[in-house]
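Colleague: Whatever this is, show me its structure:
(one chain, ligands or ions: 1)
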Amino acid sequence: MTSELDVLLTLQEHDTALERLLHRHQTLPERQALVDAEAAAAALDARLVTTRGERDKAAREEQQLDDEARSLAAKATEVERRMYSGEISSPKELQAMQADVEQLRKHQGTIEDREFELMEVREPLDAAVADLDQKRAALGADLERYAAALGAAEAEIITEMQAERAMRDELAAGIDAALVQEYERCRTLAKGAGVARLVGTTCQGCHLSIPAIEAEQIKRTGGQPLAHCDNCGAILVP
Ligand SMILES: [Zn+2]
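Modeller: Have a look, this model is predicted:
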């Protein structure tokens, strides 16, 4: 018949498996890939905001200059229309109007030069925004893929953990609750084995030896009352 202490050893195997699974859950490579991709996406988003801001500012200024140039052209055309309408007969006035037109066209030319300069600033910014947008979209697809991979890996581990937990709880329910509690106390203190097989004089928890006379006594009593390893504190099972 299996003693409660033997059951405790099996229970510990499940606890150890649970710890390993938890560690795997915490250190999944898929998680790191996702964290890295999220950081890259955040950096890219920040660059997009800055670059798009610069581009929009240049585009606005360019539009303002374009409006101004059009308005000057319209004014010049209107003066010319009046000049050639036949309404004006005074040569002096016509001369003044001609000077106006020249002034307006010259101003328009200056504005158009500045508009062209701004266009040369804006166009590379357009290209940069398009490039960043494309990279961000690709990264967005990566993010989705990484998140799905992580979710699948996590789900797999969680299923295993649930199975281990169920087996563990079933074993725990079949033995003395105080014994389980004592095992848990020892396991927390030892940060490892809460219960260990005694082989000869060697504790299988820490692989150190206990005095032969103690080992003899534990074997004789079947480990009851509970005996603990002098070195790691684990409950010893003969
Ligand atoms: Zn030990």
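Colleague: Tell me how many other residues surround L34.
Modeller: Residues lying near L34 (other C-beta atoms under 10 Å) number 20. C-beta here means a position set from N, CA and C on the backbone, and glycine is covered the same way.
Colleague: after the helix or strand hosting it comes which helix or strand?
Modeller: Following DSSP states H and E, one finds L34 within helix 29-83. With elements assigned by DSSP H and E, the helix or strand that comes after helix 29-83 is helix 91-173.
Colleague: Which is the succeeding secondary structure element to that next one?
Modeller: Counting by DSSP H and E, the next helix or strand C-terminal to helix 91-173 is helix 177-190.
Colleague: do that following helix and the ion meet at all?
Modeller: No: if you take C-beta under 5 Å from the ion as the test, helix 177-190 misses the ion, and the best it gets is 7.6 Å.
Colleague: and the helix holding L34, what other elements does it pack with?
Modeller: Identification of packing neighbours for helix 29-83 by 3 or more C-beta pairs under 8 Å, 6 or more residues apart in numbering; DSSP states H and E yields helix 91-173.
Colleague: okay, R122: pLDDT?
Modeller: pLDDT for R122: 97.
Colleague: Nearest the geometric middle of this protein, what residue?
Modeller: Of all residues in the chain, the one closest to the mean position by C-alpha atoms, centre = their mean is V35, 3.1 Å from it.
Colleague: residue contacts, L21?
Modeller: Counting by C-beta atoms under 8 Å, 6 or more residues apart in numbering, L21 touches I157, E160, M161, E164.
Colleague: One more: A153?
Modeller: Per C-beta under 8 Å, 6+ apart, neighbours of A153: L28, E30.
Colleague: ok, back up a step: could I get the contacts of L21 as a markdown table with neighbour count, pLDDT and distance to the ion?
Modeller: Output for those, formatted as a markdown table (neighbours: other C-beta atoms under 10 Å; pLDDT from 0 to 100; distance: C-beta to the ion, whole Å):
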| residue | neighbour count | pLDDT | distance to the ion |
| --- | --- | --- | --- |
| I157 | 18 | 98 | 30 |
| E160 | 16 | 98 | 28 |
| M161 | 17 | 98 | 27 |
| E164 | 19 | 97 | 24 |
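Colleague: For those residues, give me JSON lines that also has distance to T201.
Modeller: Shown next, in JSON lines, are these (distance: C-beta to C-beta, whole Å):
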{"residue": "I157", "distance to T201": "39"}
{"residue": "E160", "distance to T201": "36"}
{"residue": "M161", "distance to T201": "36"}
{"residue": "E164", "distance to T201": "32"}
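Colleague: Buried residues, the longest strand along the chain. List them.
Modeller: Taking DSSP state E as the criterion, the chain has its longest strand at strand 195-199. By 16 or more other C-beta atoms under 10 Å, the buried positions in strand 195-199 come out as V195, A196, R197, L198.
Colleague: Stretch 220-229 now?
Modeller: G223, L226, A227, H228, C229.
Colleague: does the first one sit in a helix, a strand or a coil?
Modeller: Yep, that's G223 we're talking about. coil (DSSP: H, G, I helix; E, B strand; the rest coil).
Colleague: got a list of what it touches?
Modeller: Contacts of G223 by C-beta under 8 Å, 6+ apart are S3, L5, L198, I235, L236, V237, P238.
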